[in-house]
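S.K.: got a sequence here, can you model it:
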Amino acid sequence: MADYKITTDILAPSDKKVIEYTGFHPSRIIKMMPDIIKDTLKVEGGSVFEDKIKWDISGDPVSFYGDWRGKYAFDGRSSANFKINAQGSQGAKDRIGKIKITIKGGVETKFPFTTPIQQSLVRIYTYLFYNKQRREYIDTGKVLINRIEDEIRSAFNLIKRGG
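M.R.: Predicted structure coming up:
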């Protein structure tokens with residue numbers, strides 16, 4: 001059984017949001033990020049993934065890197081996937097450093113089919129009926145990305161730039 005899959009970038013035409021911070025203890029985001037994702041998306045811990053956490057303590061400043069994913073299910077066919085990446089460095093003694101955080105998101109829809117006729121019917125159904133629902137899911141995904149961005153900015157006491 002195959003799947004007809006539609007993937008749409010939430011932030012199109014841009015592909016990501018970027019937050020940059022320079023100040024005290026930027027690596028605290030490593031510990032905070034899973035809770036930010038879980039609380040913002042209002043999902044269980046099984047929908048939040050820490051893909052990579054890396055530290056380089058061989059020198060000063062200390063470098064760090066983290067990747068996280070969050071999955072928000074809309075219905076049985078569609079879900080939003082969020083990817084957050086943080087990369088930065090901070091001084092080992094004074095904890096002053098910088099960090100760059102990127103946020104990406106997409107809505108993915110899967111329709112299973114077994115025959116070419118079913119595949120054609122699925123394509124017609126998604127075009128005629130389900131497309132409006134997907135647009136609403138993309139708009140909801142934009143709201144969720146903005147909430148994640150606001151939570152990260154509030155963790156570092158940053159104000160949102162206009163635009």
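S.K.: what comes up buried for the longest helix belonging to the chain?
M.R.: What stands out as the longest helix in the chain, according to DSSP state H, is helix 131-155. Using 16 or more other CB atoms under 10 Å as the test for burial, helix 131-155 gives 134, 137, 138, 141, 144, 145, 148, 149, 151, 152, 153. Using the backbone N, CA and C atoms, a C-beta is placed for each residue, glycine as well.
S.K.: now these as CSV including distance to residue 56 and pLDDT?
M.R.: Shown next, in CSV, are these (distance: CB to CB, whole Å; pLDDT from 0 to 100):
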residue, distance to residue 56, pLDDT
134, 41, 94
137, 39, 97
138, 37, 96
141, 33, 96
144, 32, 97
145, 29, 97
148, 26, 96
149, 27, 95
151, 27, 94
152, 22, 94
153, 26, 93
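S.K.: show me the helices in this structure, by range?
M.R.: 29-41, 116-125, 131-155.
S.K.: what's the second one packed up against?
M.R.: It stands for helix 116-125. strand 2-9, strand 96-113 (3 or more CB pairs under 8 Å, 6 or more residues apart in numbering; DSSP states H and E).
S.K.: just the ones you listed: most buried one?
M.R.: A comparison of the helices and strands packed on helix 116-125 by mean neighbour count, using mean count of other CB atoms under 10 Å, puts strand 96-113 on top with a mean of 18.
S.K.: and residue 73, bridged to which residues?
M.R.: Beta-bridge partners recorded for residue 73 (DSSP bridges): residue 79.
S.K.: again but with residue 106, I slipped
M.R.: Residues in beta-bridge contact with residue 106 (DSSP bridges): residue 9, residue 81.
S.K.: residues contacting it?
M.R.: Residue 106 makes contact with 7, 8, 9, 10, 80, 81, 141, according to CB atoms under 8 Å, 6 or more residues apart in numbering.
S.K.: from those residues, pick the one nearest residue 105.
M.R.: residue 10 (3.9 Å; CB to CB).
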